[in-house]
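J.: coordinates only, sequence not included:
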């Protein structure tokens, strides 16, 4: 049996379970290779365009919610949602809208399920969320992205820290 075939059978089995039993089984089955959601967000929204941190977080939330809604009936998504207290999300950074759009196009060509969030009414792409997947199946082009971790300090906090 292929690894993909085994995983699909496991997720079908888990999706037929209910409540605590499904959550416990999902948690145990994915402990070594957890199901994760990866969200990619533009860093220039804060650094160049001056968006507040809350707006940036909001874009990540929009993309994450949209990808769950879009693929809600998928077995992997069901397993991810079965253990709410142990969800894994990884937030990655990308430099700008062109790079984010290019990433989305490349993922689409490769058949990688995701959702590119476009903020309205501006219609600008701000964040992208991949459908939850086993960590081991993360596409190489996404593995190359850096973790989002360097929030710029607001001017008042930067002055106080100096």
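T.: Thanks, I have it. Since the model is a prediction, treat every value here as computed from it, not as a measurement.

J.: Name the residues linked to the most centrally placed residue in the chain by a beta bridge.
T.: Closest residue to the average C-alpha location of the chain: residue 38 at 2.6 Å, with CA atoms, centre = their mean. Residues in a beta bridge with residue 38, per DSSP bridges, are residue 90.

J.: Give the full set of residues in contact with it.
T.: 89, 90, 91, 92, 129, 130, 138, 142 (CB atoms under 8 Å, 6 or more residues apart in numbering). From N, CA and C alone the C-beta is placed, and that goes for glycine too.

J.: swap in residue 77?
T.: 68, 71, 131, 132.

J.: Just the ones of those residues in helices?
T.: Members of the contacts of residue 77 lying in helices (criterion: DSSP state H): residue 68.

J.: which of the contacts of residue 77 has the most neighbours?
T.: The most neighbours of any of the contacts of residue 77, using other CB atoms under 10 Å, belong to residue 132, which has 25 neighbours.

J.: hey, which helix or strand in the chain has the poorest pLDDT?
T.: helix 155-161 (a mean of 54; mean pLDDT, DSSP states H and E).

J.: which residues sit in contact with residue 114?
T.: Counted by CB under 8 Å, 6+ apart, residue 114 has contacts 67, 104, 107, 108, 128, 129, 130, 131.

J.: For it, give me the pLDDT.
T.: Looking at residue 114, its pLDDT reads 98.

J.: Same question for the one 4 residues further on.
T.: The score at residue 118 is 97. That number is its pLDDT.

J.: Phi and psi next, for it.
T.: phi -110, psi 120 (degrees, to the nearest 10).

J.: and what of residue 72?
T.: phi -60, psi -30.

J.: how close does it sit to residue 52?
T.: 30 Å (CB to CB, to the nearest Å).

J.: cool, and residue 117?
T.: Taking CB to CB, one finds residue 117 at 17 Å from residue 52.

J.: Tally up the residues packed near residue 92, please.
T.: Residue 92: 19 neighbours (other CB under 10 Å).

J.: next structured bit after the strand or helix carrying it?
T.: Taking DSSP states H and E as the criterion, residue 92 maps to strand 88-94. Using DSSP H and E, the helix or strand that follows strand 88-94 in sequence is helix 97-109.

J.: need the strands for the protein, in chain order.
T.: 35-42, 88-94, 114-119, 124-130, 133-134, 146-147 (DSSP state E).

J.: other SSEs contacting the second one?
T.: Contacts defined by 3 or more CB pairs under 8 Å, 6 or more residues apart in numbering; DSSP states H and E place strand 88-94 against strand 35-42, strand 146-147.
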